[in-house]
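> show me how the following folds:
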Amino acid sequence: MVSQAKQLSGLPYEWFAYMRKAHPVWFDDKTQMWNLFRYEDVCFVLSNPTLFSAQASPGSPVPGLPSFQGMDDPRHRQMRSLVWHTFSPRMIADLAAHIEQVTDQLLDAVIACGQMDVARDLAYPLPLILMAELLGVPPQDQAKLHEWSNALLSNNTPETIISSPQRHRWAIQCFSDYFRQHVQQHRQQPRADVISRLLEAQVDGHPLSEQAIVEMCLLLMVAGNETTAKLIGNALLAFQQHPQLLQELRTKPALIVSAIEEVGRLYPPIVASERFTTQEVTVAGVCIPAHQPVLFRIASANTDEAQFEEPLSFNTHRTPNKHLGFGQGVHFCLGAFLARLEAKIALSRVLERLQDIQSIPARPPKQVQGLFTFGVESLPITFRVVSCS
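As a prediction, this is how the structure comes out:
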């Protein structure tokens, strides 16, 4: 199915197209950041970590999360390898039955009502519960975990982070205190979870510090929760904006996999990311000095007409679909396999159990965009239960 994408609040497709053509490399005086818009330029950044460091330069206008995400190799590779086994395709595939069980439990809680808020009732709690279980913290804490995650990634622009950093620091402190408490509990009572494995892990013959473990947990919780929640929510938003897509996926459920990839391209949870030049570098004929922040616009790259035919069309048969929604290169999203599987199962169960899915005109969707993320904050729908006969 091919359907023309509608304009999304906060995703300025027309501006992206203009900037790709007129100013593919643009210095934003307000934020003091270099912006890249073209697919090939974003790939150039992601493929050259020696030129574009993930480690923030001193005085960076936008602080990142304290974690290996902001490290370069070899330290980045060492830290990432400690949790790779948990998020490898083989290990994630073994979670399929449990993901379906949790999804059904969440749907069971709302099915008798004939309506639900996709974000509140499914998209956000599902990955929160699963990530909490993997880490080894109580899934019952999902409300405060979501609040802290939201404070870090939603509604954050360079201006608000710079002018009002208190909320960002508050969330970091809340997460740090929370995970430090659970790390100490795991020292006394080891379990079969990520925190216990990190306590046993060593890098260069030395155990990880408590701070390093806390930062690893913070990254996994925030990135693993927010990316997947927004992927699921954005997918159901896409289904509402392309009603014929729902019917196609019901008759051809195998297309859910490719539909998720189109969501990652056209409705990406991650709309931008940041690197820092290690030396003077030329991109698209423009010289960027050393030690400068570079914001590469994934949402723009994903709709670059030089890479994608009819880039604003939602095409479930798009092949190949080399979108950058999960990144590329050494910093390719660690949780991409889990996010894709959770989205596939959640969307499959929604289509199998619910029919006549409709938005509620009096309660339109609410979308939220930060500097790096974009997603559905609220998406109320009505539905009928699929008959078992």
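> can you map out the strands along the stretch 101-250 of the chain?
115-117, 202-203, 206-207 (DSSP state E, counting those that start in this stretch).
> for residue 191, which of the ones you listed is the nearest?
Closest of the strands of the stretch 101-250 of the chain to residue 191 is strand 206-207, at 17.5 Å (criterion: CB to CB). The way it works is simple: take the backbone N, C-alpha and C, and place the C-beta from them, glycine included.
> over stretch 277-296, what's the mean pLDDT, rounded is fine.
Taken as a whole, stretch 277-296 carries a mean pLDDT of 97.
> stretch 95-108 now?
On average, stretch 95-108 scores 98.
> so residue 97 is in which element?
Assigned by DSSP states H and E, residue 97 falls within helix 96-108.
> contact partners of that helix?
121-122, 125-126, 129-130, 341-342, 345-346, 349-350, 353-354 (CB atoms under 8 Å, 6 or more residues apart in numbering).
> was I right about residue 110 contacting residue 125?
No: under the criterion of CB atoms under 8 Å, residue 110 is not in contact with residue 125, lying 11.0 Å apart.
> got the contact list for residue 305?
By CB under 8 Å, 6+ apart, the neighbours of residue 305 are 17, 20, 311.
> mind checking how far the last one is from residue 340?
Translated: residue 311. In this structure, residue 311 and residue 340 are 21 Å apart, going by CB to CB, to the nearest Å.
> model confidence score at the residue nearest the centre of the chain, please.
Of all residues in the chain, the one closest to the mean position by CA atoms, centre = their mean is residue 227, 2.2 Å from it. Here, the pLDDT recorded for residue 227 equals 90.
> show me the shaky parts of the protein.
For the chain, the stretches with pLDDT under 70 are 1-10, 57-68, 154-164, 388-389.
> so which bits of stretch 315-323 are buried?
315-316, 318, 321, 323 (16 or more other CB atoms under 10 Å).
> please state the offset of it from the chain centre?
19 Å (CA atoms, centre = their mean, to the nearest Å).
> which residues are contacting it?
Outside stretch 315-323, the residues touching it (CB under 8 Å, 6+ apart) are 1-3, 245, 248-249, 255, 258-259, 261-262, 264-265, 268, 302, 307-308.
> ChimeraX command for the buried members of the residues you listed?
To isolate the buried ones among those in ChimeraX, judged by 16+ other CB under 10 Å, type:
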select :1,3,245,249,255,258,259,261,262,264,265,268,302,307,308
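> just the ones in helices from the contacts of stretch 315-323, please.
245, 248-249, 258-259, 261-262, 264-265 (DSSP state H).
> turn the residues you listed into JSON lines, including distance to residue 296.
Supplementary listing: the ones in helices among the contacts of stretch 315-323 in JSON lines, determined by distance: CB to CB, whole Å:
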{"residue": "245", "distance to residue 296": "29"}
{"residue": "248", "distance to residue 296": "33"}
{"residue": "249", "distance to residue 296": "31"}
{"residue": "258", "distance to residue 296": "25"}
{"residue": "259", "distance to residue 296": "25"}
{"residue": "261", "distance to residue 296": "20"}
{"residue": "262", "distance to residue 296": "21"}
{"residue": "264", "distance to residue 296": "16"}
{"residue": "265", "distance to residue 296": "15"}
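> nearest to residue 40 among the residues you listed?
For the ones in helices among the contacts of stretch 315-323, the nearest to residue 40 is residue 265 (16.0 Å; CB to CB).
> quick check: the closest residue in space to residue 236 that isn't next to it in sequence vs residue 232, distance?
In space, residue 236 comes closest to residue 118 once its chain neighbours are excluded; the distance is 4.8 Å by CB to CB, 6 or more residues apart in numbering. Using CB to CB, we find residue 118 at a distance of 8 Å from residue 232.
> contacts only, for residue 382.
Residues in contact with residue 382 (CB under 8 Å, 6+ apart) are 114-115, 356-358, 360.
> list only buried entries from those.
For the contacts of residue 382, buried by 16+ other CB under 10 Å: residue 357.
> show me which of the contacts of residue 382 is closest to residue 42.
For the contacts of residue 382, the nearest to residue 42 is residue 357 (34.3 Å; CB to CB).
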